[in-house]
Structures are given as structure tokens and as C-alpha cells.
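K.L.:
Make a model of this:
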Amino acid sequence: MRFQTPLIPARLIRRYNRFLSDMVLEDGREVVAHCPNPGSMMGLKDPGLRCWLERNDDPKKKLRYGWRLVEFPGGHWSGIDTAVPNRVVKEALAARAIAELASYGGVRPEVKYGQKSRVDFLLTEPGLRDAYVEVKNVHLRREGDWAEFPDSVTARGARHLDELAAMVAAGHRAVMVYLVQRTDCARFRLADDIDPTYAEAFRKARAAGVEAICYDTAISRDGVTLRAPVPIEI
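P.N.:
Numbers count the residues shown, from 1 in each chain. The predicted structure follows:
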């Protein structure tokens, strides 16, 4: 997934109102940038962080900048846009780059299922069980090289796990894909202390037959792409 326009460096002044952030550009101008992330953004919203913005020239949009990346000392990156993982996974599914799902040729996004929900992707292939795939964005790092999910309480995420388990009971495959939008993590685990209800729902879903896989990403000012599998600690 490539960014549409070259990214512009900036420093974070503050992130507020969930979807807004104040930035200062290298020439000293202060601008308001759209923050495409309604989560807690723990560790990614500290004032002074070096950020990268994408300029938007669409006259229909109010804000001229969108916040895309955080750059850490040492050359590591984190993506902050929660819409990016679905775009990355969609490209990877089309290219059959996710080994666990490479047998599927049919890829349909946003298919209704469960209780008033939409699964991120429904995969089909003659002779195979349909695969219901949910994608979760991961960009929390608190200790060592551990990537963790979630970074805040997510009742919606727990509901998705229950609905995936129901798909398995109905005879289908169900797969939870965790996509790590950080370059400084090598392992993945649940943040039980942040949302124990989600952790319990995950373990029940796994026991019911829901599969869980994790991949990390290659991140640069050009874009974000799928990289390699990451081990999961259950």
C-alpha cells in the first residue's frame, strides 16, 4: 500500500478530540491534521514526536493534512492509520502472500454476517470451506519487542470473536489476522491487563476453532506492506 502523495515531516503538538491533532511543520507553521485513529494511541501521542503527514488537496475535505506515521529514534516506524491494515491485507490476499490463506482466490470485503456486523473479508474457493477473516490493527508496544492488542477496551472486538466462533460452529473457517504496524516488534501477545474481557473472548474463540495469525509490516515514507509472520503468545 503506497501513500498517494509524498509525506511531510512535522512535530506533534497535541492529539485531541480523537480525530484531530495539532502539528508544527519544519518551516514553523502550525497546522491541524486529521488523526485517522479513534483508539487510545498509547505511546504514539506524546508531544514532540516526529510525525509524517500526507497532504490532501481534495476540496471536499476540510483538513489539508492527514497524519500517517510516527518515526522513532533509531530508524523505527509506526503507522497510526487504523484503515491501513485492511488495505495491506487486501493487497496481500490478492497476491496470495499470506501463506495460511493463499489457497483462496475469491476475496470479498465487508460482507454482512453475525449480528449486524460485517466481516472484513470473506474468502471463497471451490472445494474449500469459506473463510471469514477479521483484521485488527496492532501498534501498542510497552515492553521489549512485544506488540500487544488491544490498546484500549474494545467490546466490538470481543463481539467479533464471538461471531467468528459462530462461523466455525456453522462449518466455516474463521481467521483473526493481527497486523503489526510497527517495525520494532518481533512477538505478539494480548494486553490482558488493558481488556481482560477481550482476552477471555480470544481464548474461548481459539478453543472453538477460530484461527489466529499475526504478520508485521515494512513501513517507510513510501507506504506500508506486509512483511513476515510474527509468533503469537497464547
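K.L.:
List the residues that contact the most centrally placed residue in the chain.
P.N.:
Using CA atoms, centre = their mean, the residue of the chain that lies closest to the mean C-alpha position is Asn137, 1.9 Å off. Going by CB atoms under 8 Å, 6 or more residues apart in numbering, Asn137 touches 82, 84-85, 179, 181. Quick note: C-beta positions are derived from backbone N, CA and C, even for glycine.
K.L.:
change it to 10 Å
P.N.:
37, 39, 79-86, 88, 149-151, 178-181 (CB atoms under 10 Å, 6 or more residues apart in numbering).
K.L.:
same deal with Arg156?
P.N.:
By CB under 10 Å, 6+ apart, the contact list for Arg156 reads 117, 150, 198.
K.L.:
before we move on, the earlier item: now intersect the contacts of Asn137 with the helices, please.
P.N.:
84-86, 88 (DSSP state H).
K.L.:
Which residue ranges make up the domains of the protein?
P.N.:
7-79, 84-233 (automatic domain parsing).
K.L.:
quick one, longest helix in this protein?
P.N.:
If each helix of the chain is counted by residues according to DSSP H, the longest one is helix 155-169.
K.L.:
Please, where are all the helices along the chain?
P.N.:
Listed in chain order, the helices of the chain (DSSP H) span residues 84-94, 155-169, 196-207.
K.L.:
Pull out the buried residues from the first one.
P.N.:
Of the residues in helix 84-94, those scored as buried under the neighbour-count criterion (16 or more other CB atoms under 10 Å) are 84-86, 88-90, 92-93.
K.L.:
Please apply the same query to the longest one.
P.N.:
In terms of neighbour count (16+ other CB under 10 Å), helix 155-169 has its buried residues at 157-168.
K.L.:
so how far is that helix off the chain centroid?
P.N.:
The chain centre lies 18 Å from the centre of helix 155-169; the measure is CA atoms, centre = their mean, to the nearest Å.
K.L.:
Likewise for the first one?
P.N.:
Using CA atoms, centre = their mean, the mean C-alpha position of helix 84-94 is found 10 Å from that of the whole chain.
K.L.:
Output the contacting helices and strands for that helix.
P.N.:
Identification of packing neighbours for helix 84-94 by 3 or more CB pairs under 10 Å, 6 or more residues apart in numbering; DSSP states H and E yields strand 106-113, strand 117-124, strand 131-138, strand 173-180, strand 211-219, strand 224-229.
K.L.:
Output the ones you listed as CSV; include the columns distance to Glu30.
P.N.:
Putting these into CSV (distance: least, CB to CB, whole Å) gives the following:
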stretch, distance to Glu30
strand 106-113, 37
strand 117-124, 36
strand 131-138, 28
strand 173-180, 32
strand 211-219, 26
strand 224-229, 27
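K.L.:
of all those strands, which lies closest to Pro73?
P.N.:
The closest of the helices and strands packed on helix 84-94 to Pro73 is strand 211-219. By CB to CB, the value is 15.3 Å.
K.L.:
quick one on the thing from earlier: want to try a markdown table for the helices and strands packed on helix 84-94, with mean pLDDT and distance to Glu54 as columns?
P.N.:
Formatted as a markdown table, the helices and strands packed on helix 84-94 follow (pLDDT from 0 to 100; distance: least, CB to CB, whole Å):
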| stretch | mean pLDDT | distance to Glu54 |
| --- | --- | --- |
| strand 106-113 | 96 | 22 |
| strand 117-124 | 96 | 23 |
| strand 131-138 | 98 | 17 |
| strand 173-180 | 98 | 19 |
| strand 211-219 | 98 | 14 |
| strand 224-229 | 98 | 12 |
